[in-house]
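Enquirer: give me a model of this one.
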Amino acid sequence: MTKKPWLKYYGDSPEFIAIPDKTTYSIIKENSELHPHLPALYYLGTVISYKKFLRQIDRCAAAFKKIGISNGDAVTICAPNIPQTVIAFYALDKIGAVASMLFPLAGEKEVYDCLTISGSKAAVVLDLQYKNFAENMKKTNCGKIILLKVQDYLSKTKKNVLNIYDFFQGKKKITAPGVIYWKNFIKQRGAVEDPYPKTAEDPSIILYSGGTTGKPKGIVYNDFILNAAVTQAMAMLEKEDALKPNDAFLAVLPTFHCFGLAIGVHAAMMTAGVSLLVPKPANKYIYQAMKYKCPKIVSGVPTLFKLMLESQKIWKLDLSAMKGIFCGGDKIPETLKNKLNIALKKAKCTKIVREGYGLTECAPPCAINPDRNQEIGSIGIPCANVLAKIVEPGTETELPYGVDGELCVSAPTNMLYYLNEPEETANTLRKHSDGYTWVHTGDICSMSENGFIFFKLRQKRMIKVSGICVYPTLVEEVLQKHPSVKEACVVKIPHQYKLNVLKAYIILNDGVRPSQKIKNELIQLCRKEFAPQSCPKEVEFLSEFPRTKVGKTDFMALERIAREKANSK
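Expert: Have a look, this model is predicted:
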């Protein structure tokens, strides 16, 4: 690959930029030494300085060691954006362990899959989620559970005004073998040892994605990849918008999502900034965080920005200090983008929303629209350090500008591998004749003559609901457990603000008559197993499914039917 037409939009920014070859823990330690009194975390009125943050990380690392966690061991973190989540993440890095990041509202089956794929020996879990982990402790290697409460780092005053039900808090204290609450866990008197002698190249993070088959895969990163994701994104800021210590980053996207982990949290740590932790995407908590300090960087998904636009208070704040508003996770409708830009202007922000692109297999963002001269409908140009090309699907044959094909990306943010999936890894990470290793994204895109990428559709069978990956095949498996169901097919239908939701088509067993009772039972079955995004919003019974030439269910035909029906309402 020789042509890089997007470089003319870089301005003063270099094509390649150096990436810190440091562990994530060492970055926190340096900040604690250089900026001990600067805020590292803000959480519902509580401010944690870098000095206190490091002390909490060290205590947590010692506590992990005391319960038997050591280098190479995996620990699942299943919690929202609260201080314990971030403390545990960096503490695991200190001892050379691996953080397996899981959606905080994961269902029982999703918990089982995560614990099984990662081989986690322990889990750090919000108390609400205990029931989904309790049974799985018997089926997996997970022998310890550290339970968190959203109030753990709040003052008594804040605890009194906090509506615990707003955070789905459990009320009863849980007493069971292998279970310990965070406050007791972190008070354990273990020795605070020196960091494990790991490098930034050692595996340290597991995130989850669909892979090319649409089934969940454990995607392995090291610290260098996370550092690279932050570096290449921040390099796309205008020169006059360069980040400084004490700048704020809005952390409302959850940390199980690489975009949220990298830009909401780790970017703050790499610049000695403050991460504004928002435990739940509700405007009152977003407003509270932004009122404390105007964020320099805001990253979100279309659903989040649509929610924020409903707030009267947020857009009355002075947002003139805001320098980067990044939208990813899903395609943002032009109407929503325009409304957001109008709101930003009214709040004295001189910037516009910049749509980007990424996937877990190549830590996002891989592409971002420039601050100026955007091409309408584009997901952006490749970031610094990133190469991108459009090829004939499944090959390395590069296609001309304007022609649809598979997007391939080569960057320092390429994943290391799919955990325990060598064949799938080889299918996704491929070394081309140009000598570079490319991620075959499975996404059909085109590239303009100026290097702007235009997303068309996802080749792999995966659906995004509110920016969250949903796997129809897993939902179908659960639906087919119902004794009345013969076959199930799950497709997406358009939704006003979530962009997509799920619809289940069902063929019932012979002699079973369709009923509302069966519909309700199917939805309840999914609610037991999955997070809300993975639960069908509609169920329709059919006598037969459309089939492909080889007799498989033609889910694309069903999706077209569902979309036409939804649009006709």
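
Enquirer: with just CA atoms, put the longest helix anywhere in the chain into PDB.
Expert: Across the chain, the longest stretch assigned as helix under DSSP state H is helix 50-66. What follows is helix 50-66, C-alpha atoms only, in PDB (Å, rounded to 0.1, in the frame of the first residue of the first chain):
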ATOM      1  CA  TYR A  50      -3.400  10.800  42.300                       C
ATOM      2  CA  LYS A  51      -1.700  10.200  45.600                       C
ATOM      3  CA  LYS A  52      -4.800   8.600  47.100                       C
ATOM      4  CA  PHE A  53      -5.500   6.800  43.900                       C
ATOM      5  CA  LEU A  54      -2.100   5.100  43.800                       C
ATOM      6  CA  ARG A  55      -2.400   4.200  47.500                       C
ATOM      7  CA  GLN A  56      -5.800   2.500  46.800                       C
ATOM      8  CA  ILE A  57      -4.300   0.700  43.800                       C
ATOM      9  CA  ASP A  58      -1.400  -0.600  45.900                       C
ATOM     10  CA  ARG A  59      -3.700  -1.800  48.700                       C
ATOM     11  CA  CYS A  60      -5.900  -3.500  46.100                       C
ATOM     12  CA  ALA A  61      -3.000  -5.200  44.500                       C
ATOM     13  CA  ALA A  62      -1.800  -6.500  47.900                       C
ATOM     14  CA  ALA A  63      -5.300  -7.800  48.600                       C
ATOM     15  CA  PHE A  64      -5.400  -9.600  45.300                       C
ATOM     16  CA  LYS A  65      -2.100 -11.300  46.100                       C
ATOM     17  CA  LYS A  66      -3.400 -12.300  49.500                       C
END
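
Enquirer: list the buried residues of that helix.
Expert: By neighbour count, with 16 or more other Cβ atoms under 10 Å as the criterion, the buried positions of helix 50-66 are 50-54, 56-65. C-betas here are computed from N, CA, C, even on glycine.

Enquirer: just give me the closest of the residues you listed to residue 116.
Expert: When the buried residues of helix 50-66 are compared for distance to residue 116, the smallest value, 21.0 Å, is given by residue 64; criterion: Cβ to Cβ.

Enquirer: now do the end-to-end distance for stretch 116-125.
Expert: The first residue of stretch 116-125 is 16 Å away from its last residue (Cα to Cα, to the nearest Å).

Enquirer: one more: stretch 341-355?
Expert: The first and final residues of stretch 341-355 sit 12 Å from each other (Cα to Cα).

Enquirer: for the longest helix of the chain, packing partners?
Expert: The criterion is 3 or more Cβ pairs under 8 Å, 6 or more residues apart in numbering; DSSP states H and E, and the helices and strands that helix 50-66 contacts are helix 24-34, strand 39-43, helix 83-94, helix 182-186.

Enquirer: which of these sits closest to residue 421?
Expert: Comparing the helices and strands packed on helix 50-66 by their distance to residue 421 (Cβ to Cβ), the top pick is helix 83-94, with 22.6 Å.

Enquirer: so which of the helices and strands packed on helix 50-66 gets nearest residue 388?
Expert: Judged by Cβ to Cβ, the one of the helices and strands packed on helix 50-66 that comes nearest to residue 388 is helix 24-34, at 26.5 Å.

Enquirer: so which of the buried residues of helix 50-66 is the closest to residue 175?
Expert: Closest to residue 175 out of the buried residues of helix 50-66 is residue 63 (19.0 Å), distances taken as Cβ to Cβ.

Enquirer: looks like that closest one contacts residue 186 (just checking).
Expert: Yes - the pair residue 63 / residue 186 is scored as a contact, 5.6 Å apart, by Cβ atoms under 8 Å.

Enquirer: among the helices and strands packed on helix 50-66, which is the most enclosed?
Expert: With neighbours taken as mean count of other Cβ atoms under 10 Å, the helices and strands packed on helix 50-66 reach their highest mean count in helix 83-94, at a mean of 27.

Enquirer: need the residues that contact the helix or strand following that one.
Expert: The first helix or strand that comes after helix 83-94 along the chain, using DSSP states H and E, is strand 98-101. Residues external to strand 98-101 that are found in contact with it (Cβ atoms under 8 Å, 6 or more residues apart in numbering): 72-77, 88-89, 92-93, 114, 118, 120, 203-208, 218, 255-256, 261.

Enquirer: give the buried residues for the helix or strand harbouring residue 491.
Expert: Secondary-structure assignment from DSSP H and E places residue 491 in strand 485-495. Residues of strand 485-495 classed as buried under the neighbour-count rule (16+ other Cβ under 10 Å) are 485, 487, 488, 489, 490, 491, 492, 493.

Enquirer: CA atoms of it as CSV?
Expert: Provided in CSV are the C-alpha atoms of strand 485-495 (Å, rounded to 0.1, in the frame of the first residue of the first chain):
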residue,chain,number,x,y,z
VAL,A,485,-40.3,-23.7,19.9
LYS,A,486,-39.1,-25.5,16.8
GLU,A,487,-36.9,-22.8,15.3
ALA,A,488,-36.0,-19.2,16.1
CYS,A,489,-34.3,-16.4,14.1
VAL,A,490,-33.4,-13.1,15.6
VAL,A,491,-33.0,-10.0,13.5
LYS,A,492,-32.7,-6.2,14.0
ILE,A,493,-35.4,-3.7,13.5
PRO,A,494,-35.0,0.1,13.5
HIS,A,495,-35.6,2.0,16.7
